[in-house]
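A.B. asks: Fold the following for me, if possible:
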Amino acid sequence: MITLKSFGRIAAVAALVFAAVSCNTTSNDSDSDLNLLPVNSVTVDGYKISLFAEKALETGANDLYWKIEQDGEVVHPQSFSISPMMDMGEMMHSTPFDQPTTSQEDDQYMQNMAVFIMPGGEMGSWFVEFELETQTGETISGNIPIDVASSWRLTSVRDSQDRIYFITWYAPEKPVSGNNDLTFLVHTRNTMMDFPSVSDAEMVVYPYMDMGGGSGHSTDFTPPVATGNGFYEGDINYSMSGVWTTSVELTIGEETLPEVVFEYSVQAK
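C.D. replies: Predicted structure coming up:
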């Protein structure tokens, strides 16, 4: 690091000049710790919009990574927005998601999270609508078809008024014996296009391993509490590997909702 004041001033001016001439494009040859899988890409009016993910897309929480290129160079638009959609033929609906922002791991990408509430397949197909505004003010729009597989990480429950709540197992992504973060996401549905997070519920969980013959045991854990934006965070210390279940019970307002259960495997560390 340069510490001399004169060199520091020169470096600061140089950085500003560099930023001014390179704000529209970025070299593809940057170091990155991201290990991403290509999901799909489309080219619209000379702009290639590519979608990547850390793993194959599935029901529950997914981190999406977006790259926009023109003539093989990464470009940074003035704005970029998305909307995941499920086409079921006679109707369409969205899902819980947030808008992309520049990835902290690699600024070639924009990143957001989407919680897919159902898999694609016979009942319908997923795609992601997008719209970007270029640095010259041009609007580019289109959509990217995607495949979403079923997983154990998402379930739902309804209250006495038939209002649905989606509960997502967020962490641990790969449960292992020993200590793990224990995190859930909770969303509800206002309309087919509006799925807000729920941050005012009380959550009761109970992990359990069935040993057969009517015997079993729990393990040490810290109950998840609301931390904002629909997240409920605690931790769990799995005492052994094998098949576990974790029941989740939500209380919202004065009503306690029916219990739901996640079943999954814990691997030996």
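
A.B. asks: which SSE is Lys48 in?
C.D. replies: strand 47-53 (DSSP states H and E).

A.B. asks: chain center to that strand, what's the gap?
C.D. replies: Remark: strand 47-53 is offset 16 Å from the chain centroid, using CA atoms, centre = their mean, to the nearest Å.

A.B. asks: Next: stretch 157-167.
C.D. replies: Averaging C-alpha positions (CA atoms, centre = their mean) puts stretch 157-167 22 Å from its chain's average.

A.B. asks: Next: stretch 69-89.
C.D. replies: Distance, centroid of stretch 69-89 to centroid of chain: 16 Å (CA atoms, centre = their mean).

A.B. asks: buried sites along it?
C.D. replies: Under the neighbour-count criterion of 16 or more other CB atoms under 10 Å, stretch 69-89 has 69, 74-77, 80, 82-86 buried. (Glycine included, C-beta is placed from N, CA and C.)

A.B. asks: Next: stretch 90-102.
C.D. replies: Buried residues in stretch 90-102 (16+ other CB under 10 Å): 93-97, 100.

A.B. asks: same thing with stretch 252-260?
C.D. replies: For stretch 252-260, by 16+ other CB under 10 Å, it's 252, 257.

A.B. asks: and after the helix or strand harbouring Val128, which helix or strand comes next?
C.D. replies: Val128 belongs to strand 125-133 when assigned by DSSP H and E. Counting by DSSP H and E, the next helix or strand C-terminal to strand 125-133 is strand 139-146.

A.B. asks: Report the buried residues of that following strand.
C.D. replies: Buried positions in strand 139-146, judged by neighbour count with 16+ other CB under 10 Å: 140, 142-144, 146.

A.B. asks: Over to stretch 187-198?
C.D. replies: For stretch 187-198, using 16+ other CB under 10 Å, the buried residues are 187-189, 195, 197-198.

A.B. asks: Compute the first-to-last residue distance for that stretch.
C.D. replies: End-to-end distance of stretch 187-198 (CA to CA, to the nearest Å): 5 Å.

A.B. asks: what sits up against it?
C.D. replies: With CB atoms under 8 Å, 6 or more residues apart in numbering as the test, stretch 187-198 has contacts from 91-97, 115, 117, 163-166, 168, 185-186, 229-230, 252.

A.B. asks: quick one: which of the buried residues of strand 139-146 is nearest Gln267?
C.D. replies: Relative to Gln267, the closest of the buried residues of strand 139-146 is Ile146; by CB to CB it sits at 28.2 Å.

A.B. asks: which residues does the residue nearest to the closest one when sequence neighbours are not counted form a beta bridge with?
C.D. replies: Once flanking residues are discounted, Ile146 sits nearest to Trp126: 5.0 Å by CB to CB, 6 or more residues apart in numbering. Under the criterion DSSP bridges, Trp126 forms beta bridges with Met86, Ile146.

A.B. asks: This completes my enquiry, with thanks.
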